[in-house]
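J.: kindly generate the corresponding structure for this input.
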Amino acid sequence: MVVLADMARYGDALTSAASIAGRTRISEPTVAKVLKMLSRAELVLSVRGAAGGYRLAREAVRISVVDIIEAVEGPIALTACVDGAEPDCALGACCGVRGRWDAVNLALRSALEGVMLTDMMRPEFKRPREEGEAVYGRH
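T.: Numbering: from 1, shown residues only. Coordinates of the predicted model:
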């Protein structure tokens, strides 16, 4: 979320993993790993070459929290038995809630689909800072 929010501040501009790491204070190897996952999920585009870097694949207002979670964590599932993902649960035969998690999971997913990357960004992070202006709310 933090990596994408940082990228969203710069619109279509290309940025490097090192630049994102410097601005967010997340280690560069972690940023690089996250960018690879986001690229595989087609949330960011990778441009090769000396003038290359990364940029959002679509506008931040069109990237949902579900898109981001699934790119990094995989499908949203509150329990292993959601959508029959774990049919051989050791407690399956005596579980009083078996088969009832799908509705809860669907409600959660629906709620998160309505929350966009831009909704998660603090207002002061929605545009690049001007020279001399405080960075990340600090002076």
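J.: got phi/psi on the residue nearest the centre of the chain?
T.: What sits nearest the mean C-alpha location of the chain, by CA atoms, centre = their mean, is Ile68, with 2.9 Å. Dihedral angles of Ile68 (phi, psi; degrees, to the nearest 10) stand at phi -70, psi -50.
J.: residues near the residue lying closest to it once chain neighbours are set aside, how many?
T.: Using CB to CB, 6 or more residues apart in numbering and skipping the chain neighbours, the partner closest in space to Ile68 is Met1 (5.8 Å). C-beta coordinates here come from the backbone N, C-alpha and C atoms, glycine included. Residues lying near Met1 (other CB atoms under 10 Å) number 13.
J.: cool, Leu35 as well?
T.: For Leu35, the count of nearby residues is 22 (other CB under 10 Å).
J.: how about Ser19?
T.: Neighbourhood size, Ser19 [other CB under 10 Å]: 18.
J.: what number of residues lie near the residue nearest to it when sequence neighbours are not counted?
T.: Nearest residue to Ser19, sequence neighbours excluded (CB to CB, 6+ apart): Gly53, at 7.7 Å. Gly53: 20 surrounding residues under other CB under 10 Å.
J.: ok, Ser110 - contacts?
T.: For Ser110, no contacting residues are found, by CB atoms under 8 Å, 6 or more residues apart in numbering.
J.: again with Val44
T.: Contact partners of Val44, counting by CB under 8 Å, 6+ apart, are Leu4, Met7, Leu35, Leu38, Tyr54, Arg55, Leu56, Ala57.
J.: which one of those is nearest Ala93?
T.: Set against Ala93, the nearest of these by CB to CB is Leu38 (40.6 Å).
J.: Ala60 versus that closest one, what's the distance?
T.: Counting by CB to CB, to the nearest Å, the gap from Leu38 to Ala60 is 13 Å.
J.: thank you kindly, that will do.
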